[in-house]
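>>> here is a sequence with its predicted model. Questions after.
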Amino acid sequence: MSQTISVSTTMGEQGFRDFAVFDAFHHRKAWLRPAVFAAIMLAFAAVCLSQLGKRPGAGLLAAVLAIVGIGLPVSYFYSFFRSVSRQIKQMHLPRAFYRVELADTGIAVWMYGQQDKPEPTSRHAWDNFYCAYRTDNAVYLYVEKEKAYLLNDRMEVVWKFLAGILPKEKLHDCRKG
């Protein structure tokens, strides 16, 4: 059975923000390193607090370690969200991004401005496909570990198609409901 599904993606501010947060903190787990750093620094601060009254300067060192342990991760998250906001302003959203065709053979992508050309901008075979996520607002197709396409239209049809073509371990349903 040969079936082709065509989806055009128009990206808005909230859609881009949702994808950036999902990609960084869910897919790539970028929250993990700042959290581990904070935990280590706070553990060191706790050790210093246990030495209050026994070692000179223990309180000051505990305070410095706690401030650094909390301050650097907060700074990381602040700069991430500020960078996303800057990108949104530069991209002049909402606007059309690309058209994706899903077929039995793989994915074909036409970038904005090239959507009327007969040959796609890029093709990706299902054999090399990394994974797909379904959220409440979109389907994220990761054709490679670090390269994804967001589909925010015809999501139920797309997800049903993917469920019929991909192994279950490559499909991740992250919907809340």
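Yes, it's here. The model shown is predicted, which means the values in this text are computed figures rather than measured ones. Residues are numbered from 1 along each chain as shown.

>>> which sections of this structure are below the confidence cut-off?
For the chain, the stretches with pLDDT under 70 are 1-2, 177.

>>> show me where it has strands.
When assigned using DSSP state E, the strands of the chain occupy the ranges 5-11, 95-103, 106-111, 122-125, 131-134, 139-144, 147-151, 171-173.

>>> can you pull out the helices in this structure?
Counting by DSSP state H, the chain has helices at residues 13-21, 32-50, 58-91, 155-165.

>>> adding mean neighbour count and distance to residue 75, write the strands of the chain out as TSV.
In short, each C-beta sits where N, CA and C put it, glycine included. Converted to TSV, the strands of the chain look like this (neighbours: other C-beta atoms under 10 Å; distance: least, C-beta to C-beta, whole Å):
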stretch	mean neighbour count	distance to residue 75
strand 5-11	17	28
strand 95-103	18	31
strand 106-111	18	35
strand 122-125	15	36
strand 131-134	20	28
strand 139-144	20	28
strand 147-151	20	27
strand 171-173	13	30
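
>>> just send those strands back as TSV, with distance to residue 32 too.
Listed next are the strands of the chain as TSV, based on distance: least, C-beta to C-beta, whole Å:
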stretch	distance to residue 32
strand 5-11	27
strand 95-103	29
strand 106-111	29
strand 122-125	28
strand 131-134	18
strand 139-144	18
strand 147-151	19
strand 171-173	18
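
>>> centroid-nearest residue for this protein?
residue 23 (0.6 Å; C-alpha atoms, centre = their mean).

>>> quick one: it and residue 150 touch, right?
No: counting by C-beta atoms under 8 Å, residue 23 does not reach residue 150; the two are 9.3 Å apart.
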